[in-house]
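**Student:** Fold the following and give me the result.
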Amino acid sequence: MGSTKRLKSVVHNVAAHAISGLSCVHPDLGTVRKAEGTERVSVDLLQPKISLTQPVCPEVDLSTSALRRTFASMLASESWEIGDLTSAVLTFIYRGQRTWPDACYARVETNAGRVFEDAVGADGQRAQILRN
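**Tutor:** Coordinates of the predicted model:
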């Protein structure tokens, strides 16, 4: 298990990667969420779960699987493992009819009960979000 400082960095970096075009999640995830009429979509990074009731298209399955692999790689590079965590979830926050999120909120909890959170806006900068 790595340092908590390093895990904080991973949490920020995965949120920044997830909201960027590099993740290949957008605009497909936003199109599905728009059809469902929800403003928030959560993607579990430890198991293949997405908080949508509709089936997702193959592009979303592939891109979220790649996102999970990227997260695991980021963890490993900082001496952390998936097994060190009890949860890791990204929540994409949308406004209106947009297919690109306004922010990505990352929340990771360790087996020791420590919680690490960060949010990144569409501009790539740290964002403040209101939690429901």
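
**Student:** centroid residue for the chain?
**Tutor:** residue 90 (2.6 Å; C-alpha atoms, centre = their mean).

**Student:** So in that sheet, which strands flank whichever strand or helix holds that one, and in what orientation?
**Tutor:** Using DSSP states H and E, residue 90 falls within strand 85-93. With DSSP bridges as the test, strand 85-93 is paired with strand 40-44 (antiparallel), strand 103-110 (antiparallel).

**Student:** Got the phi and psi for residue 115?
**Tutor:** Main-chain torsions, residue 115, degrees, to the nearest 10: phi -110, psi 130.

**Student:** Run a quick neighbour tally on the closest residue to it other than its chain neighbours.
**Tutor:** Leaving aside its chain neighbours, residue 115 sits nearest to residue 109 (5.0 Å; criterion: C-beta to C-beta, 6 or more residues apart in numbering). All C-beta spots, glycine's among them, are computed from the backbone N, C-alpha and C. If you count neighbours by other C-beta atoms under 10 Å, residue 109 ends up with 15.

**Student:** check contacts around residue 109.
**Tutor:** If a contact means C-beta atoms under 8 Å, 6 or more residues apart in numbering, then residue 109 has 85, 86, 87, 88, 115, 116 as its contacts.

**Student:** starting at the chain centroid, how far to the strand holding residue 90?
**Tutor:** 6 Å (C-alpha atoms, centre = their mean, to the nearest Å).

**Student:** What is the burial count for the closest residue to residue 29 other than its chain neighbours?
**Tutor:** Nearest non-adjacent residue to residue 29, counting by C-beta to C-beta, 6+ apart: residue 60, 5.3 Å away. The local packing of residue 60 (other C-beta under 10 Å) involves 23 other residues.

**Student:** And the average pLDDT for the longest helix seen in the chain is what?
**Tutor:** When the chain is scanned for its longest helix (criterion: DSSP state H), the result is helix 58-77. Averaged over helix 58-77, pLDDT sits at 96.
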